[in-house]
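A.B. asks: Model the structure of this input:
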Amino acid sequence: MVGKATLVTGRDRLLKRAMLLKQAWVVLWAWAGRLPNSSEDVQIPDYGRWSRRVLQEQVDELEEDVKPFLPFVLGGKRTRAQEERFLLFASRNYERLKHAKGAFRLCTVQEFLRDIGPLRAVTLLDAPPYAEIMMQGFKGVAYRHPEFMLARDVECLFELFWQMEDIIRSTMREPIQPEWMWNGTQNVQSLARATILACFGLLESFVSGLARGHIMTHPRLDPSITKRLERNHGSLLDRLLEVSELIKGTPSPFSATEPPFDRLFGDIKQRRDAFVHCEPGDHEARPGLVKQKSFNDVSPEIVEAAVRLTADTIRTVWCWVHDVDTAPAWLHFTGARTRDGLGVHVVPGTRSNGPD
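C.D. replies: The predicted model follows:
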């Protein structure tokens, strides 16, 4: 026996629309990093008890409330269908947001572009297709990918290094050295090494990111090209030049013997190798290179050059590959000091773990 079809009334449609818009509105406030005025703002009213007239007023109001968020997320060029897909996507994440204990992943940039529509962050933040879109409560959405975080590592360590270096320099002019200087002079070298290591970690991720992004956005690549792009061994400089050439489809204009590549992948990389593959002793690992010497003495000039040349290398390759005039939006450092850009300060200690 065939049952009767359920009659969907105009009030039913209003009720469903009110639920969707209210859930989406809460998620969109979190997406934009806005705090609700009260806990009641994030709760869904008992719309089932509302009259059709009041429901219609609520739907009309919510339709207006969500409008400013659409260009904020999707950008200016969007269709009505894309807007509706985004509102549905947002509403489906309402319960996850409500019960989340911390940040959680919504999707990747590529999944958003494929399933929903345009994403303003792609051009605004140079977010790669593999970037994760992370909901962080009501602190705003984050676009998480390794290059952004590693670039932040370089910024952080470089500024900490200079703060520590300034303290050491000023204290060494004093007639009596404080106790903390024993550890301080060692720690400044720790920060110097860590900064250089972070530079090369960023460069590794940058090359792999270029390759991965190109593969993801060009699914019909020749398998031989894909295999070469995915190769992650061998010389970092060779891989950087090869990947950029494969993406661009033309021979690279860069030379390993010219700036910024010559020094970065010359004596600075030798120091990085000495940190990673240290060989104690005075013997030469190869003619002219004593790794222990490179390990022990890292001057501020070397650190500054490493940071500056890392930024120059990324900017140079990025601009050529993408036919643009500016560095990627996630690259904030240039090699110049940020001067309090961290928001924190290194201060001298009061105790020392040095020798008695």
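
A.B. asks: just for the stretch 51-200 of the chain, where's the confidence low?
C.D. replies: Applying pLDDT under 70 to the stretch 51-200 of the chain picks out no residues at all.

A.B. asks: ranges for the strands of it?
C.D. replies: Assigned by DSSP state E, counting those that start in this stretch, the stretch 51-200 of the chain shows strands spanning 104-108, 132-135, 142-144.

A.B. asks: Dump these to CSV, plus distance to residue 207.
C.D. replies: Quick note: C-beta positions are derived from backbone N, CA and C, even for glycine. Supplementary listing: the strands of the stretch 51-200 of the chain in CSV, determined by distance: least, CB to CB, whole Å:
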stretch, distance to residue 207
strand 104-108, 20
strand 132-135, 20
strand 142-144, 19
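
A.B. asks: For residue 247, find the nearest of the ones you listed.
C.D. replies: Smallest distance to residue 247 across the strands of the stretch 51-200 of the chain (CB to CB): 19.9 Å, for strand 104-108.

A.B. asks: For residue 252, identify the helix or strand it belongs to.
C.D. replies: In this structure, residue 252 sits in neither a helix nor a strand according to DSSP states H and E.

A.B. asks: Identify the residues contacting it.
C.D. replies: Neighbouring residues of residue 252 by CB atoms under 8 Å, 6 or more residues apart in numbering: 241, 244-245, 320.

A.B. asks: Can you flag which of these belong to helices?
C.D. replies: 241, 244-245, 320 (DSSP state H).

A.B. asks: quick revisit: let me have the contacts of residue 252 in JSON lines, adding distance to residue 123, neighbour count and pLDDT as columns.
C.D. replies: Listed next are the contacts of residue 252 as JSON lines, based on distance: CB to CB, whole Å; neighbours: other CB atoms under 10 Å; pLDDT from 0 to 100:
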{"residue": "241", "distance to residue 123": "27", "neighbour count": "19", "pLDDT": "96"}
{"residue": "244", "distance to residue 123": "21", "neighbour count": "21", "pLDDT": "97"}
{"residue": "245", "distance to residue 123": "25", "neighbour count": "17", "pLDDT": "97"}
{"residue": "320", "distance to residue 123": "19", "neighbour count": "17", "pLDDT": "97"}
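
A.B. asks: Tell me the one among those nearest to residue 205.
C.D. replies: Nearest to residue 205 among the contacts of residue 252, with distances taken as CB to CB, is residue 244, at 15.0 Å.

A.B. asks: do you know how far the spatially most central residue of the chain is from residue 107?
C.D. replies: Centroid-nearest residue in the chain: residue 148, 2.5 Å away (criterion: CA atoms, centre = their mean). Look at residue 148 and residue 107: by CB to CB, to the nearest Å, they are 17 Å apart.

A.B. asks: Kindly report the same for residue 142.
C.D. replies: For residue 142, the distance to residue 107 - CB to CB - is 13 Å.

A.B. asks: re the thing from before, spatially, what comes nearest to the residue nearest to the centre of the chain if we skip its sequence neighbours?
C.D. replies: residue 330 (4.2 Å; CB to CB, 6 or more residues apart in numbering).

A.B. asks: Extract the C-alpha set from the host helix or strand of residue 270 and format it as CSV.
C.D. replies: Using DSSP H and E, residue 270 falls within helix 269-276. Output in CSV follows, covering the C-alpha atoms of helix 269-276 (Å, rounded to 0.1, in the frame of the first residue of the first chain):
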residue,chain,number,x,y,z
LYS,A,269,74.2,25.9,3.2
GLN,A,270,77.6,24.5,4.2
ARG,A,271,76.9,25.9,7.7
ARG,A,272,73.4,24.4,7.6
ASP,A,273,74.9,21.0,6.7
ALA,A,274,77.4,21.3,9.5
PHE,A,275,74.5,21.7,11.9
VAL,A,276,72.6,18.8,10.6
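
A.B. asks: what packs against it?
C.D. replies: helix 181-217, helix 291-296 (3 or more CB pairs under 8 Å, 6 or more residues apart in numbering; DSSP states H and E).

A.B. asks: tell me the most buried of these?
C.D. replies: Burial of these is given as mean neighbour count (mean count of other CB atoms under 10 Å); helix 181-217 ranks first at a mean of 20.

A.B. asks: what bits of the stretch 201-350 of the chain have low per-residue confidence?
C.D. replies: 283-294, 339-341, 350.

A.B. asks: how close does residue 318 get to residue 201?
C.D. replies: Residue 318 is 17 Å from residue 201, by CB to CB.

A.B. asks: what do you get for residue 32?
C.D. replies: Residue 32 is 32 Å from residue 201, by CB to CB.

A.B. asks: Name the nearest residue to residue 324, ignoring sequence neighbours.
C.D. replies: residue 318 (7.2 Å).
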